[in-house]
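Asker: no sequence on this one, just coordinates:
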């Protein structure tokens, strides 16, 4: 057994001794910190991104990332979340273009929302040149934890106190109002200072969900609703540190 | 540099806390005693998170109803609102707006006329933290 290990170690050492490494320009790996702000709400996020540069010119890139998003606000409004009660058409993807069902939507005003979401995301980007690029990313799946908060549910014109609304814990991208939980997405413009540092100007669209515990909406069809969604439109900045990736030749 | 940043953060935090507080300047809204009729009234008692003294009245002036807080003294707190509520700890309520001041006599308009046998409590309530400062049970 010892002999086999010795041989393996010798093989690895000989490869390392003889092999040469070069920077792998096919991969763009970076960590990013971003902050955005909107009306009575904002977000902070940190992510690790691994993108592959695509095709011959390598202007396009796509990949995955792991993102932590913190959302905070003051007296922010969350509306009825289930797609069937929120939209006039619930066909996946067509739901984006469907109208709002105002008659079945109630409003939950969460007094001090604060959530933390950890999600797997996908990324897509296009680099115009060495300095400038644009990109998009969206969360796919993950989990959320955060602060319970008092809230006020306005249902059929009546105000009711919810003593402790809590963040929905499971996140899943299912398109439009079918989504569950808290999911972040960004459109951004990037400027590279050099090979290592870049900044991003960001438009962020963040879904956040809170669930009521004591106070529920009763929809006209009798459905009892405890899930309410806020769609935050925010703008901000991000800063990225790009790693150098090497490969053997 | 670190001291400067710390100082800036402390100032921002204190400013943010102050922003939520109610004005201390006394308000003296006039109740026209020649036309207004007191329909319901009651005295305030302290809640678990604050102290409120004085009384609450429902006054009718022609077809308009108003809630009057009369000669009140209220502990200051963040995001204080005046509620007309079915329960002493508010579950079903009507929000009459932000408390105008922690002292004086203040009038709050009702946009509709609720059933005062159900909505029989006038509350001073911290909305942000869901904390009751004081309540008055109103009776004919």
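Answerer: Received it, and whenever you're ready, just let me know what you need. Being a predicted model, the structure only gives us computed values, none of them experimental. Numbers count the residues shown, from 1 in each chain, chains lettered A, B, ... in the order given.

Asker: which outside residues touch the helix or strand hosting residue A:152?
Answerer: Element membership for residue A:152 (DSSP states H and E) is strand A:149-155. Outside strand A:149-155, the residues that touch it by C-beta atoms under 8 Å, 6 or more residues apart in numbering or on different chains are A:78, A:106-114, A:159-165, A:210, A:212, A:215, A:217-218, B:95, B:127-130. C-beta coordinates here come from the backbone N, C-alpha and C atoms, glycine included.

Asker: Please repeat the previous calculation with a cut-off of 6 Å.
Answerer: Strand A:149-155 is contacted by residues A:106-113, A:159-160, A:162-163, A:165, A:215, A:217, B:130 when judged by C-beta atoms under 6 Å, 6 or more residues apart in numbering or on different chains.

Asker: Stretch A:191-202 too?
Answerer: Residues from elsewhere that reach stretch A:191-202, judged by C-beta under 6 Å, 6+ apart: A:34, A:36, A:131, A:186, A:188-190, A:236, A:238-240, A:242.

Asker: In that stretch, which residues are buried?
Answerer: Within stretch A:191-202, the residues that qualify as buried are A:192, A:198-200, A:202, counting by 16 or more other C-beta atoms under 10 Å in any protein chain shown.

Asker: repeat for stretch B:23-38
Answerer: B:27, B:31, B:36.

Asker: Give me the distance from that stretch to the chain's centre.
Answerer: Remark: stretch B:23-38 is offset 14 Å from the chain centroid, using C-alpha atoms, centre = their mean, to the nearest Å.

Asker: thinking again about what came up before, least confident pick among the contacts of strand A:149-155?
Answerer: Taken together, those show their lowest pLDDT at residue A:217, with 85.

Asker: Tell me which residues touch that one, please.
Answerer: Contact partners of residue A:217, counting by C-beta under 6 Å, 6+ apart, are A:106, A:155, A:225.

Asker: if we can go back for a sec, and the buried residues of stretch A:191-202, which is closest to chain B?
Answerer: residue A:199 (20.9 Å; C-beta to the nearest C-beta).

Asker: Check which strands are paired with the host helix or strand of that closest one and give the direction for each one.
Answerer: Per DSSP H and E, residue A:199 falls inside strand A:197-211. Strand A:197-211 pairs in its sheet with strand A:158-167 (antiparallel), strand A:183-192 (antiparallel), strand A:227-243 (antiparallel), by DSSP bridges.

Asker: Show me what secondary structure element comes after the last one.
Answerer: Pointing back at strand A:227-243 there. strand A:246-248.

Asker: Relative to that next one, what are the paired strands and their orientations?
Answerer: Using DSSP bridges, strand A:246-248 pairs in its sheet with strand A:21-23 (antiparallel).

Asker: least trustworthy helix or strand in chain A by mean pLDDT?
Answerer: In chain A, the helix or strand scored least confidently by mean pLDDT, DSSP states H and E is helix A:2-18, which has a mean of 63.

Asker: cool, and chain B?
Answerer: Counting by mean pLDDT, DSSP H and E, chain B has its least confident helix or strand at helix B:2-19, which shows a mean of 55.

Asker: just checking, next helix/strand downstream of that helix?
Answerer: strand B:27-28.

Asker: which helices and strands sit right next to that next one?
Answerer: With contacts taken as 3 or more C-beta pairs under 6 Å, 6 or more residues apart in numbering or on different chains; DSSP states H and E, strand B:27-28 sits against strand B:103-109.

Asker: average model confidence for the strand it packs on?
Answerer: Strand B:103-109 comes out with an average pLDDT of 93.

Asker: can you pull the buried residues of that strand?
Answerer: For strand B:103-109, by 16+ other C-beta under 10 Å, it's B:103-108.

Asker: Centre of the chain to that strand, how far?
Answerer: With C-alpha atoms, centre = their mean as the basis, strand B:103-109 stands 8 Å off its chain's centre.

Asker: re the thing from before, ok, of the contacts of stretch A:191-202, which come out buried?
Answerer: Buried, going by 16+ other C-beta under 10 Å: A:34, A:36, A:186, A:188, A:190, A:236, A:238, A:240, A:242, out of those.

Asker: Spatially, which two of the residues you listed are the most separated?
Answerer: Greatest spatial distance among the buried ones among the contacts of stretch A:191-202 (C-beta to C-beta): A:36 and A:242, at 21.1 Å.

Asker: wait, residue B:81 sits on residue B:126?
Answerer: No. Contact criterion C-beta atoms under 6 Å: residue B:81 and residue B:126 do not qualify, at 7.7 Å.

Asker: Please enumerate residues in contact with stretch B:102-112?
Answerer: B:22, B:24, B:26-29, B:65-70, B:73-74, B:76, B:82, B:96, B:100.

Asker: Ok, stretch B:128-140 next?
Answerer: For stretch B:128-140, contacts defined as C-beta under 6 Å, 6+ apart pick out A:111, A:150, A:163, B:40-44, B:46-47, B:49-50, B:52, B:56, B:78-79, B:88, B:120-125.

Asker: Go through those and flag which are in strands.
Answerer: Those of the contacts of stretch B:128-140 mapping onto strands are A:150, A:163, B:40-44, B:46, B:52, B:56, B:121-125, per DSSP state E.
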